[in-house]
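S.K.: From the sequence below, what's the structure:
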Amino acid sequence: MRSIFGYVLSGRLPDSAHTTSRYSETQLLCISPLSDSDLCKFWDLETVGIKPKEVVQDNSDSKVMQEFKNNVQFKADRYEVALPWKNDSVKEKLINNESIARRRLNGLQVKNFDKNKELKKDYLKVLASYEDENIIEEVPSNEISNVNPVYYMLLRPVIKLNSSTKIRPVFDASASCFNGVSLNDCLHSGPSLNPDLVEVLVRFRRWPIAIITVKI
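M.R.: Residues are numbered from 1 along each chain as shown. Model (predicted):
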């Protein structure tokens, strides 16, 4: 039978395992079409940890790492490195988002700071400490170039009362401009720093004795 989900087969089949009944009910739902890439993903998940993982060399990651090594510099007790742009053409897609940043700031003022004066005070204190440590600085309006891309990075406070840093500003480089392009879209993400999942799962099967520590 044809349905919106695909062809559905329904009916009776001979059942040799049960002696009390000659037939057994069975239903099969077939959903189509199914691409080859989806099938490959399914079988790859089935063979995780069994089939040796094929190592694929990502030229983009190696290029990013090479540019990082060439551009990194040590200045005034800290390291500086250029932004890893994907290419020069992507800079043209990054448009001025000042109005979006101001809208986010006004929303933060109304929803958080107007209701909690202490939060605003502590948040501004953290930003002032960033300015004292030369982590951030004010850019005069006459120094803003009209030739190079201008992007205002949105930020918001994250509050963790149990942490040593109770209030931490988080910069949002994934916020899109009016054309749907964000700063993260224009930059290389670099190689993944997360450990291999299979290696983590079988960690305690690699050696005869496993030792763990607990911090008290």
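
S.K.: Contact partners for the residue nearest to Val90 when sequence neighbours are not counted?
M.R.: Residue nearest to Val90 in three dimensions, not counting chain neighbours: Cys186, with 4.2 Å by Cβ to Cβ, 6 or more residues apart in numbering. The C-beta positions use only the backbone N, C-alpha and C, and glycine is treated the same way. Contact criterion Cβ atoms under 8 Å, 6 or more residues apart in numbering gives Trp85, Lys86, Val90, Lys91, Lys93, Leu94 as the residues in contact with Cys186.

S.K.: From the structure, what's the count of residues near the fifth one?
M.R.: Applying the criterion other Cβ atoms under 10 Å, we find 14 residues in the vicinity of Lys93.

S.K.: Pretty sure Asn179 is one of the things it touches, is it not?
M.R.: Yes: judged on Cβ atoms under 8 Å, Lys93 makes contact with Asn179 at a distance of 6.7 Å.

S.K.: any common contacting residues for the two?
M.R.: Among the neighbours of Lys93, none is also in contact with Asn179 (Cβ under 8 Å, 6+ apart).

S.K.: ok, the residue nearest to Val90 to Leu193 distance?
M.R.: The spacing between Cys186 and Leu193, counted by Cβ to Cβ, to the nearest Å, is 21 Å.

S.K.: repeat for Gln73
M.R.: 22 Å.

S.K.: okay, these two: which has more neighbours?
M.R.: Looking at Gln73 and Leu193 with other Cβ under 10 Å, you find the greater number of neighbours at Gln73, namely 9 against 5.

S.K.: neighbours around the closest residue to the more buried one other than its chain neighbours, how many?
M.R.: Closest residue to Gln73 apart from its sequence neighbours, by Cβ to Cβ, 6+ apart: Glu80 at 5.1 Å. Neighbours of Glu80 under the rule other Cβ under 10 Å: 10.

S.K.: and what of Ser189?
M.R.: The criterion is other Cβ under 10 Å. On that basis, Ser189 has 11 neighbouring residues.

S.K.: So for it, what's the pLDDT?
M.R.: What the model reports for Ser189 is a pLDDT of 81.

S.K.: and what of Pro52?
M.R.: As summarised for this prediction, Pro52 has a pLDDT of 56.

S.K.: same deal with Ser32?
M.R.: Ser32 carries a pLDDT score of 60 in this model.

S.K.: need the strands for the protein, in chain order.
M.R.: Counting by DSSP state E, the chain has these strands, from start to end: 2-3, 6-14, 23-29, 73-75, 78-80, 154-159, 167-172.

S.K.: Lowest average pLDDT across those strands?
M.R.: When the strands of the chain are compared by mean pLDDT, strand 23-29 comes last with a mean of 57.

S.K.: Now do the contacts for Cys177.
M.R.: With contacts taken as Cβ under 8 Å, 6+ apart, Cys177 has the following neighbours: Leu94, Ile95, Asn96, Asn97, Ile100, Tyr151.
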